[in-house]
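Chemist: Mind folding the following:
(2 chains)
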Amino acid sequence: MSGSERKKPRSRTLRRFYRNPLSLLGLFLVVVLTLTAVLAPFLAPKDPATQSLFDKRAKPFGKFILGADQFGRDILSRLIYGARVSLFVAFFSVAIALSGGLIIGTLCGYFEGALDTLLMRVMDLLLSFPYLLLAIALVSALGPGLLNTTVAIGFWALPTFARMVRASVLGLKKREFITAASALGAPAWRIILLHIVPNFVAPLVVYATLFMANAIMMEAALSFLGLGVQPPTPSWGEMISSGRNALMVAPHVATIPGLAIMLAVLGFNLLGDGLRDALDPKMKVP
Amino acid sequence: MNHGPDDILLEVRDLHTSFKTDEGLILAVAGVDFVMRHGETLGLVGESGSGKTVAALSIMRLIPEPPGRIFKGRILFEGRDLLRLSEREMRKVRGNRISMIFQEPMTCLNPVVRVGDQIGEAVRLHQGLSATEARSVAVQMLRKVGIPDPDRRAKEFPHQLSGGMRQRVMIGMALACHPRLIIADEPTTALDVTIQAQILELMNDLKEDFQTAVLLITHDLGVIAETAQWVAVMYAGRIVEYADVKTLFSVPSHPYTIGLLESMPSLDGEIPEDRTLRTIPGMVPSLLDLKAGCTFQDRCPTAFDRCRQEEPPLFQTHHGCLSRCWLHGR
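Modeler: All right, here's what the predicted structure looks like:
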């Protein structure tokens, strides 16, 4: 091991990330998506909700850069505002799943016993639903809307995160350095936070990033079914749904938001893969 | 035993630790007694599975419960029975008054925490030092355990250190709070021989410096001869012989100890005619179905009827040591 490598393990991770063109593409797509969402009011050329029946299903590259939908609304502006919805749902649903999964997973994995059995059976129950059905059931119970969609997707993802965390904790707590930490007199909370969690944070971050892609698709699916974000708020799934009837006459209305979903999902997937390769846990845990 | 009652540091009495398994209850430690004085090194010898590590972990109360359970006995440390302390009080003992060095320096350090922070952990926990103060203590400790360039090493991760250096780090961790007792569980087994010698020397030096007693667990009689003053030989969860190191090596009294010493190749001893090393015949009995009588009966060359009927207690031998053998009870 040379001197420079020895000094900066963190920069080695960064270098591995930057060297991979696909992870850079993923990062680029995610950054573009984020900037679009944040700067939506400045970027959008028109109001996303203004209707104009004269411009119904206008072709792209005319008065509207990407054409107009069946109400004559600017597709580009709706796309730009739709990025907000996608990103909001992706970010916060993963936040719910991650924090819930982390708490449930560490409690179950570290303490085991009756609590573990109980919580894990509840997780199994949630996992046994076909994936769209649980989200549909939750949204139907809570009522549609941006926040409820986010919560539903978060809960749908929570069991997977909890299981992953629990498995990591179960494996790690039997490792000798945990006994060594107990032998130093560290209390349980400190052992969990300082010695166990940091050991699986890298794969968890990777999984969370990859899951954001799933969350974007799930939100699109729910909105497509009319259970997600409600009009007039633009959402990519809802845009596809509204363009679907005129697919033969005006294919751009449905395909353009479809492309946006594809690019966003691709971006998160590439970023996640890139992070996984760069943070390869094998490099750290011998 | 000529221990005065005044300077006794640790007194283990009739310690019993069991584990519940699918096949039944295993009595890993079945009535262990020993005494340690301040600054003294007691060697706990025995082969794998004889209960040495379980005994050590019982003192630290780090036996995973369930399946393990310390169900009988007393562990008097500095006048307090550790088995009666609350978990909270026990945490104040661990790493502070008693600390532990483990066998595998490769796996006993957290791979994602810098070694400086791991050494500082003990002083942060027990002396309430801030992160910065703890770091400077850690650097001092690294210097004490003979790691060159301690400022830089403190910022490194365990995988950047060699095995010997990691064991030095472990020793630094164990000594950071100046404990009265260090339990070293096979501290040199995972290291190669030259490093072993260095680590033993370091431990001996630091023991003098810090006035710490050491409970040295090992299966290596050579290590015992070099470091310990008193030796307890364990077999099947029991102490079968307890002697000062000179007596143990010159006039061992238990047949098991005699067998162990005879199995050791010696540089200046006679080479047996068939040029093979002596061994103790047979295997350690399964702790699941121990027969009545002495646990060593099946492998003992001198076993007689009584050995198969009654378990011997510890007898005082004529050298002032203890031996769990009927030969000394006659």
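Chemist: Please count neighbours and contacts with C-alpha atoms only from this point.
Modeler: Noted.
Chemist: what are the phi and psi values for the residue nearest to the spatial centre of chain A?
Modeler: Note on chain A: the residue nearest the mean C-alpha position is residue A:212, at 1.3 Å, using C-alpha atoms, centre = their mean. Taking degrees, to the nearest 10, you get phi -60, psi -40 for the backbone angles of residue A:212.
Chemist: Skipping its backbone neighbours, what lies nearest it in space?
Modeler: residue A:90 (4.9 Å; C-alpha to C-alpha, 6 or more residues apart in numbering or on different chains).
Chemist: Now name the helix or strand holding residue B:292.
Modeler: Assigned by DSSP states H and E, residue B:292 belongs to no helix or strand.
Chemist: looking at it, it is touching residue B:306, isn't it?
Modeler: No - using C-alpha atoms under 8 Å, residue B:292 is not in contact with residue B:306, being 10.3 Å away.
Chemist: From start to finish, how long is stretch B:240-249 in a straight line?
Modeler: 15 Å (C-alpha to C-alpha, to the nearest Å).
Chemist: If you count neighbours, what's buried in it?
Modeler: B:240-245, B:247-249 (16 or more other C-alpha atoms under 10 Å in any protein chain shown).
Chemist: which residues are in contact with that stretch?
Modeler: Contact partners of stretch B:240-249, identified using C-alpha atoms under 8 Å, 6 or more residues apart in numbering or on different chains, comprise B:224-225, B:228-234, B:253-254, B:256-257, B:261, B:314, B:319-325.
Chemist: List buried residues within these.
Modeler: B:224-225, B:228, B:230-234, B:253-254, B:256-257, B:261, B:314, B:321-325.
Chemist: Among these, which ones are in helices?
Modeler: In helices, defined here by DSSP state H, the members of the buried ones among the contacts of stretch B:240-249 are B:224-225, B:256-257, B:261.
Chemist: Make a markdown table from the residues you listed and add pLDDT and distance to residue B:179 to it.
Modeler: What follows is those, written out as a markdown table (pLDDT from 0 to 100; distance: C-alpha to C-alpha, whole Å):
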| residue | pLDDT | distance to residue B:179 |
| --- | --- | --- |
| B:224 | 87 | 21 |
| B:225 | 86 | 24 |
| B:256 | 87 | 33 |
| B:257 | 86 | 31 |
| B:261 | 83 | 33 |
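Chemist: ok, so of these, who is nearest chain A?
Modeler: Checking those against chain A with C-alpha to the nearest C-alpha, the nearest one is residue B:224 at 23.6 Å.
Chemist: Excluding covalently adjacent residues, which one is nearest to that closest one?
Modeler: The nearest residue in space to residue B:224 (C-alpha to C-alpha, 6+ apart) is residue B:43, at 5.9 Å.
Chemist: that's a strand at that neighbour, yeah?
Modeler: Yes - judged by DSSP: H, G, I helix; E, B strand; the rest coil, residue B:43 forms part of a strand.
Chemist: about what we covered before: now flag whichever of the buried residues of stretch B:240-249 is closest to chain A.
Modeler: Using C-alpha to the nearest C-alpha, the buried residues of stretch B:240-249 come closest to chain A at residue B:242, 26.9 Å.
Chemist: secondary structure class for that closest one?
Modeler: Assignment for residue B:242 (three-state DSSP): strand.
Chemist: Equivalent analysis for residue B:70, please.
Modeler: Assignment for residue B:70 (three-state DSSP): strand.
Chemist: circling back to that earlier point, who does the strand or helix carrying the residue nearest to residue A:212 touch, helix- and strand-wise?
Modeler: Using DSSP H and E, the element containing residue A:90 is helix A:75-111. Here helix A:75-111 touches helix A:21-38, helix A:40-43, helix A:113-127, helix A:146-173, helix A:197-224, helix A:236-243, helix A:252-278, going by 3 or more C-alpha pairs under 8 Å, 6 or more residues apart in numbering or on different chains; DSSP states H and E.
Chemist: Now for the closest residue to residue B:314 other than its chain neighbours: which residues touch it?
Modeler: Excluding its sequence neighbours, the residue lying closest to residue B:314 (C-alpha to C-alpha, 6+ apart) is residue B:324, at 4.2 Å. By C-alpha under 8 Å, 6+ apart, the contact list for residue B:324 reads B:239-241, B:254, B:312-315.
Chemist: Quick check: residues of the stretch 1-150 of chain B near chain A?
Modeler: By C-alpha under 8 Å from any C-alpha of the partner chain, the residues of the stretch 1-150 of chain B that approach chain A are B:60, B:62, B:90-96, B:99-102, B:107-113, B:121-122, B:125.
Chemist: Just want to check the distance between the residue lying closest to residue B:46 once chain neighbours are set aside and residue B:256.
Modeler: Distances taken as C-alpha to C-alpha, 6+ apart put residue B:234 closest to residue B:46, at 4.9 Å, once the chain neighbours are dropped. Separation of residue B:234 from residue B:256 (C-alpha to C-alpha): 9 Å.
Chemist: ok so, going back, pLDDT for the contacts of residue B:324 - can I get that in CSV?
Modeler: Formatted as CSV, those follow (pLDDT from 0 to 100):
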residue, pLDDT
B:239, 88
B:240, 88
B:241, 88
B:254, 85
B:312, 84
B:313, 83
B:314, 82
B:315, 83
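Chemist: Pull out the buried positions in stretch A:233-245.
Modeler: So for stretch A:233-245, counting by 16+ other C-alpha under 10 Å, buried means A:234-244.
Chemist: would TSV of those with distance to residue B:37 be doable?
Modeler: Listed next are the buried residues of stretch A:233-245 as TSV, based on distance: C-alpha to C-alpha, whole Å:
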residue	distance to residue B:37
A:234	78
A:235	76
A:236	76
A:237	76
A:238	79
A:239	81
A:240	81
A:241	82
A:242	85
A:243	86
A:244	85
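Chemist: so what's the residue nearest to residue B:224 up against?
Modeler: Residue B:43 neighbours (C-alpha under 8 Å, 6+ apart): B:215-218, B:224, B:228-232.
Chemist: and which of those is nearest to chain A?
Modeler: Out of those, the member with the shortest distance to chain A (by C-alpha to the nearest C-alpha) is residue B:215, at 14.7 Å.
Chemist: The helix or strand the closest one falls within: how far from the chain's middle?
Modeler: In this assignment (DSSP H and E), residue B:215 forms part of strand B:213-218. From the chain centre to the centre of strand B:213-218 is a distance of 4 Å (C-alpha atoms, centre = their mean, to the nearest Å).
Chemist: Is any residue of it near chain A?
Modeler: No - using C-alpha under 8 Å from any C-alpha, strand B:213-218 never reaches chain A; the gap is at least 14.7 Å.
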